[in-house]
Structures are given as structure tokens and as C-alpha cells.
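Undergrad: Got a predicted structure here, sequence first:
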Number of protein chains: 2
Amino acid sequence: MNTRTNTINSVAVIGGTHGNEFSGIYLLRKWQQNPTLIIRDSFSTQTVFANPKAFEENKRYLDCDLNRQFSLDDLNNPELANYEQSRAKAINLQVGPKGNAKTDFIIDLHNTTSNMGPTLILLQSDAFNRKMGAYVKAKMPEAVVVLEDQSTVEEHYFLSSITKQGVIVEVGPQSQSVLRQDVLDWMEEMTQHILDYVELHNTGSLPTLPASYEAFKYEETLKLPEDDKGERIGMVHRNIQDADFKPIRSGDPVFTLFDGKEICWIGDYEAYPHFINEAAYYDNNLAMSLAKKVIVEV
Amino acid sequence: MNTRTNTINSVAVIGGTHGNEFSGIYLLRKWQQNPTLIIRDSFSTQTVFANPKAFEENKRYLDCDLNRQFSLDDLNNPELANYEQSRAKAINLQVGPKGNAKTDFIIDLHNTTSNMGPTLILLQSDAFNRKMGAYVKAKMPEAVVVLEDQSTVEEHYFLSSITKQGVIVEVGPQSQSVLRQDVLDWMEEMTQHILDYVELHNTGSLPTLPASYEAFKYEETLKLPEDDKGERIGMVHRNIQDADFKPIRSGDPVFTLFDGKEICWIGDYEAYPHFINEAAYYDNNLAMSLAKKVIVEV
């Protein structure tokens, strides 16, 4: 990002960072055939198919999660040489390098098996992003904004942290390795609004935006119940399943053990679960993320 | 099955035929810890974890779909020696052999990513199965019965065709590699009703059953739209997504192409789609199965 003028000159739209999240992959195909759909007058747009081999093999990744390989240390460590670690370095060369990137803005397209609807994940809450959230929500009332600004962008290890400005578009529910039309349409619509926002930002023509809006700020992650040996002994409670962004309070049941017992959440705030029962997080026995509801001032 | 007395003396409950369909795998664990749950007085019950390596690798299968390896020819062909082909032979030895099986009845537990609810799939519509469908539906009104009796049991290549009597319990929607409590509970309940039915059948104590009930008889499979090169050019129409067992009529849209065009189904019957957008069938570009609604006389 050119810090003198604050203008976004170049945008990279990334699909297929996870090979079994199909919406972004098929949207890239569509846009490669009809580039005018993602072109705007004030900036250039390129598309990047981040993990083509994982898509070929119909998996999230071959060796490790590509969307965790973009810390500066890892990008600069030549010994990290498996497929995704190598793809991370190649993508960093193409749109980065991180810290001094030739690209100004990344839109990274993801699906979740959780019932999150069209979600815009922001890695920082600067004025540019706060306004973007307001613009997207004004255009698309069903959109949800999640703030994962617990660390600086540079400290993040996500692909979209290569550039100083970047967002993750996360849309579900969609099973891995399928395409749902509702999910595809949501992702396409949200991406269009983001590109429009950048154009309006660049040309100083943003409409009047609401003074504030509701968003969800990441707070913590809950693990699935395990026994002493680390074996899973329960599952997400049926009350919580599909209830992403619905509040829970201390004492509400969140897990059901296989022996029938219920486990309640104990906390000192009203929590908003999301990424509930996300299939890809089973590797790490993660059950859901919890957020606090916050008001974002524009 | 002992044809003199028509008694079921031994039952095998199979889980994990597909390694990323978790409900059956976790139910087996539960039942192995509490065997009384699946024991009845008039028959013996064993559990079989069909594809443990696929579960370990969190995949449907390693080399080929295990639930397509049980044709008599393939079971008797020593050259078919990959992992699933070998597992098929081992399972056939354990509960079969097909055509002269020591086990009388198989319950094979499956999940689907489609919105099919708790579905009982019958591979033949003999009196025993017709009554079983009536019993299960009477006990569990949300249950759906599907007849896949287009060929004889012996001609089928499903695991449950090892024995003369066998059923598939197919429950969804559940993403691959996750556990949903609602889906797990449905599968457990349906399995319990089937075991109860066998017990009541054996002891001649079946209650009075309805004279007839609605079921769905498999008719044909629709493929996703492809271009000349076999590349996918469309997806399941949003009207059809999640609408398993809801009728469609000739002229109703079933696919949306990526260029926005709609493709309508043309047929001469009222069709009931199911297995809609099942993730595992993407390998073969399958979009959904179509059934006719039929009345089963008990």
C-alpha cells in the first residue's frame, strides 16, 4: 500500500488456499473467463490459485495447512520445504514480499462447514477496514464481520497477512469438496462489494456510512472434550450445532459426552460461538471459536 | 439366514465402511463399551469396524470405495489386492462368505452430506424387509425408506449384500469428518429399532403394523453438467439444495450453470431427488439420485 496517498493500486484475489473449499476455486475460473467482473478503473486485479495440487487431490492440503505458513520467520526459513511451505514462498514472491509487498490488498476466499453465512474476517481494525465492514454490511445485510485483530497483521501467519491490507472471505455452511449455489452466490456478492469499496475508497467517492455497526471480536477457542489420553469423549451439543453467532451464557451446555452427560460453558461474558464443528479443525480437536460482540465505530 | 425357521440367529453391525463417516464409528465405540445396548435375547450381535485405516487417515478410502467391492466375482478374484479389496475379502471371511454366510443379517452404518435425515435403505422388498420398514417408520415417523431393489441382493456390490438380509442406515446431513449430535442420535435410534424388529420377528411378537406406507424407489442418477472435455460447468440449483425427498416435475430447474443459465429436468414422472450434492459422489460427477414414490404393502 502506497502510504503517501493511501491508494490501493493492486489487488490479488486468492482462491483454493485450501484445496477442498470449492467456492473460491470455481469463482476464480469464472473470473479468469470474464475478467471484467473483478476489474475496476482505479486498480489492477490478479487472481491466484493458491494450492492447485491440494485441489487435484481433493484435500485441504498435502503436507501442512497452507494458510498457516505466512509468518515472516517461516517465509524466510529455507529449511521449510514441503509442498505448502514451498507454495507459501512462491505466493510470497508473486504478491509480496511480506513487509514490502508489491500488491496492496489481498482477498482470500474460504469456505467453512460451519453455519457462518457470508463472513468478512478482518485482521486489523484500522479506519480502512472499519469502513469496509460498514460498506459491506450496508450492501449485504446478512453479512457478518469478525475481527481477528488480536495480533498485528505482520504477526499473523495467514496468507492475507502478506500485504498490509487484506481480508478473508469465509462462507458456509458447505461440506468440503462440494459447491452449494447459495454459498457461491454469497461469496461472489461479498467479493464484488469489497472490490467496489476499494474503488470508492480510491476515488474518494464513498457514500455516507452508518456511524457504527455490530461485529464479533475473537476471544478464545474451545477444544472438544478429551480423556487423559487425548481421545475425544464428546461432541458439540445439539443446541449449539448450526447456531453460529447466537449468544451463549455461562452455564449453557456446549458439549454432549458420548455417555450422555452434558458439559456447560463457564465464562464471564456473553459469548458468540462460530466455526462450530468445522470439519477442518478436527485434526486439532477444536470445537468452536468464541467471540465477544462489539460495536465498531466508523 | 436359516431358511427352515426364518430366524435371524446372528447380526453384524458394521461401522466405518467409509472412514470419514463418523457416526457409525463412534457408535461402535459406544457399543463396544456397553454391549448390552445392541444385544437381544434371540440372536448374537457382533460389531465390525470395516475400514480402520481410512478412518486413521481421515478419508473415505485409501485405494477404492470399500462399499463397491462385494460382488461375488470381485470377492473371488485374488488379483484384486489393494487395501479395500483385501478388507472386503477379510470382512467376507468374518461375516460371510457371500452366498453361504454364517451371519444372518447386516446393519451397515453410513453418513451422507445430503439432507436425507434418517434413511433406511433396503436392497430387496421381501416380506421381512417390508415389515421392517413399517416397524421403523411406526417407531420413528421422521424415518424415510428407500428401496434399491433394482437388482437381486446377490448381484449388489455393497457390503450389506454379503448376507441374504441386510440394510444400510444412511443418515445426514453431516459433513465428512465431523460428528453432529442430531445425526448420531438418529442413527442410534434407527439401529435400536432395527434390532428390536429382528427380536420381535424371531419371537413371533411383532405388533400390528400399518397395512402400507410410503417409500422411495430408486429410479436413476443425474450427473452434474459437463462440457465436451468432461469438465464441470454447473452445480445443483439452489431450489434443489437440501430438498431431499421433495418432489420435482418435468420442467423444474435442477442445475445452474456457472454462466448463470438454468437446466431443467425433463422426465415423465414425479421424481424425488436424494443424495443431493453428496460430497463423496463428486469423484464421479454425480449430482443426485432420483426416486419414484411408491406405496409398500406390508
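TA: Structure received. Numbering: from 1, shown residues only, chains lettered A, B, ... in the order given.
Undergrad: A:Met190: neighbour count?
TA: 24 (other Cβ atoms under 10 Å in any protein chain shown). (C-beta placed from N, C-alpha, C; glycine too.)
Undergrad: any idea how far B:Leu80 is from it?
TA: 48 Å (Cβ to Cβ, to the nearest Å).
Undergrad: do A:Asp65 as well
TA: Look at A:Asp65 and B:Leu80: by Cβ to Cβ, they are 35 Å apart.
Undergrad: And for A:Glu155?
TA: Computed as Cβ to Cβ, the A:Glu155 to B:Leu80 distance reads 52 Å.
Undergrad: who's more crowded, those two?
TA: B:Leu80 (16 against 11).
Undergrad: Flag every residue of the stretch 101-250 of chain A that's near chain B.
TA: Contacts of the stretch 101-250 of chain A with chain B, taken as Cβ under 8 Å from any Cβ of the partner chain, map to A:113, A:173, A:175-182, A:184-185, A:235-238, A:241.
Undergrad: Which of those are buried? Put it as a PyMOL command.
TA: To isolate the buried members of those in PyMOL, using 16 or more other Cβ atoms under 10 Å in any protein chain shown:
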select buried, chain A and resi 113+173+175+176+177+178+179+180+181+184+235+236+237+238+241
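Undergrad: show me where the stretch 1-150 of chain A has helices.
TA: Secondary structure of the stretch 1-150 of chain A (DSSP state H, counting those that start in this stretch): helices located at A:22-33, A:52-56, A:72-75, A:83-95, A:127-139.
Undergrad: And the residue nearest to A:Asn129 when sequence neighbours are not counted, how close does it get to A:His156?
TA: Counting by Cβ to Cβ, 6 or more residues apart in numbering or on different chains, A:Asn129 lies nearest to A:Leu122, which is 4.6 Å off, once chain neighbours are set aside. Computed as Cβ to Cβ, the A:Leu122 to A:His156 distance reads 11 Å.
Undergrad: which residues do these two both contact?
TA: Common contacts of A:Leu122 and A:His156, defined by Cβ atoms under 8 Å, 6 or more residues apart in numbering or on different chains, comprise A:Glu148.
Undergrad: who's more crowded, the two?
TA: Ranked by neighbour count (other Cβ under 10 Å), A:Leu122 and A:His156 place A:Leu122 first, with 25 against 21.
Undergrad: Next up, the contacts around the nearest residue to A:Ser160 once chain neighbours are set aside.
TA: In space, and not counting its chain neighbours, A:Ser160 is closest to A:Gly166: 3.3 Å by Cβ to Cβ, 6+ apart. Applying Cβ under 8 Å, 6+ apart to A:Gly166 gives the contacts A:Phe105, A:Ile106, A:Ile107, A:Asp108, A:Leu123, A:Val153, A:Phe158, A:Leu159, A:Ser160.
Undergrad: Specify the beta-bridge partners of A:Gly166.
TA: When assigned by DSSP bridges, A:Gly166 has beta-bridge partners A:Ile106.
Undergrad: Look at it and report its pLDDT.
TA: What the model reports as pLDDT for A:Gly166 is 95.
Undergrad: what's the answer for A:Val153, then?
TA: pLDDT, A:Val153: 85.
Undergrad: That one - how many residues pack around it?
TA: A:Val153 sits with 20 neighbouring residues when counted by other Cβ under 10 Å.
Undergrad: thought it was touching A:Ser125?
TA: No - in this structure, A:Val153 is not within contact of A:Ser125 by Cβ atoms under 8 Å, at 10.9 Å.
Undergrad: How much space separates A:Thr256 from B:Met140?
TA: Applying Cβ to Cβ, the value for A:Thr256 to B:Met140 is 20 Å.
Undergrad: Which of the two has more residues huddled nearby?
TA: Legend: neighbour count by other Cβ under 10 Å for A:Thr256 and B:Met140, higher for A:Thr256 (22 against 17).
Undergrad: Now do the contacts for that one.
TA: Residues near A:Thr256 by Cβ under 8 Å, 6+ apart: A:Gly234, A:Met235, A:Val236, A:His237, A:Arg238, A:Glu262, A:Ile263, B:Gln181.
Undergrad: Kindly recompute the last result at 6 Å.
TA: Contacts here follow Cβ atoms under 6 Å, 6 or more residues apart in numbering or on different chains; on that basis A:Thr256 touches A:Gly234, A:Met235, A:His237, A:Glu262, B:Gln181.
Undergrad: One more: A:Gly251?
TA: A:Cys264.
Undergrad: ok, how many other residues are close to A:Phe216?
TA: Neighbour tally, A:Phe216, other Cβ under 10 Å: 24.
Undergrad: I'd say it and A:Ala271 touch.
TA: No - using Cβ atoms under 6 Å, A:Phe216 is not in contact with A:Ala271, being 9.8 Å away.
Undergrad: Excluding covalently adjacent residues, which one is nearest to A:Leu109?
TA: Leaving out its chain neighbours, the residue that sits closest to A:Leu109 by Cβ to Cβ, 6+ apart is A:Gly24, at 3.0 Å.
Undergrad: same deal with A:Leu80?
TA: A:Asp74 (5.6 Å).
Undergrad: Low-confidence bits of chain A, can you list those?
TA: By pLDDT under 70, the low-scoring segments of chain A are A:1-5.
Undergrad: Please parse it into its domains.
TA: Listed by automatic domain parsing, the domain ranges of chain A are A:10-210, A:220-291.
Undergrad: Return the most buried member of those.
TA: domain A:10-210 (a mean of 19; mean count of other Cβ atoms under 10 Å in any protein chain shown).
Undergrad: what residue lies at the spatial centre of chain A?
TA: A:Ile168 (3.4 Å; Cα atoms, centre = their mean).
Undergrad: Quick one: residues contacting A:Ala134.
TA: Applying Cβ under 6 Å, 6+ apart, we find A:Ala134 in contact with A:Leu209, A:Pro210, A:Tyr213, A:Val298.
Undergrad: mind redoing it with 8 Å?
TA: Taking Cβ under 8 Å, 6+ apart, we find A:Ala134 in contact with A:Leu209, A:Pro210, A:Tyr213, A:Val296, A:Val298.
Undergrad: Next: A:Ile240.
TA: Per Cβ under 8 Å, 6+ apart, neighbours of A:Ile240: A:Ile248, A:Pro253, A:Val254, A:Pro273, A:Ile276, A:Met288.
Undergrad: In CSV, list these along with distance to A:Gly133 and secondary structure.
TA: Below are these laid out as CSV (distance: Cβ to Cβ, whole Å; DSSP: H, G, I helix; E, B strand; the rest coil):
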residue, distance to A:Gly133, secondary structure
A:Ile248, 24, strand
A:Pro253, 32, strand
A:Val254, 28, strand
A:Pro273, 20, strand
A:Ile276, 22, coil
A:Met288, 22, strand
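Undergrad: And the helices in the stretch 151-298 of chain A?
TA: Ranges of helices in the stretch 151-298 of chain A, per DSSP H, counting those that start in this stretch, are A:181-202.
Undergrad: can you map out the strands along it?
TA: A:165-172, A:212-223, A:234-236, A:253-257, A:262-264, A:272-274, A:286-297 (DSSP state E, counting those that start in this stretch).
Undergrad: burial of A:Lys292, as a residue count?
TA: If you count neighbours by other Cβ under 10 Å, A:Lys292 ends up with 15.
Undergrad: wait, isn't it in contact with A:Tyr272?
TA: Yes - here A:Lys292 reaches A:Tyr272: they are 7.1 Å apart, a contact under Cβ under 8 Å.
Undergrad: Between these two, which contacts overlap?
TA: Shared contacts of A:Lys292 and A:Tyr272, counting by Cβ under 8 Å, 6+ apart, come down to A:Phe216.
Undergrad: Settle this for me: A:His18 is touching A:Arg68, isn't it.
TA: No - assessed by Cβ under 8 Å, A:His18 is found out of contact with A:Arg68, at 10.8 Å.
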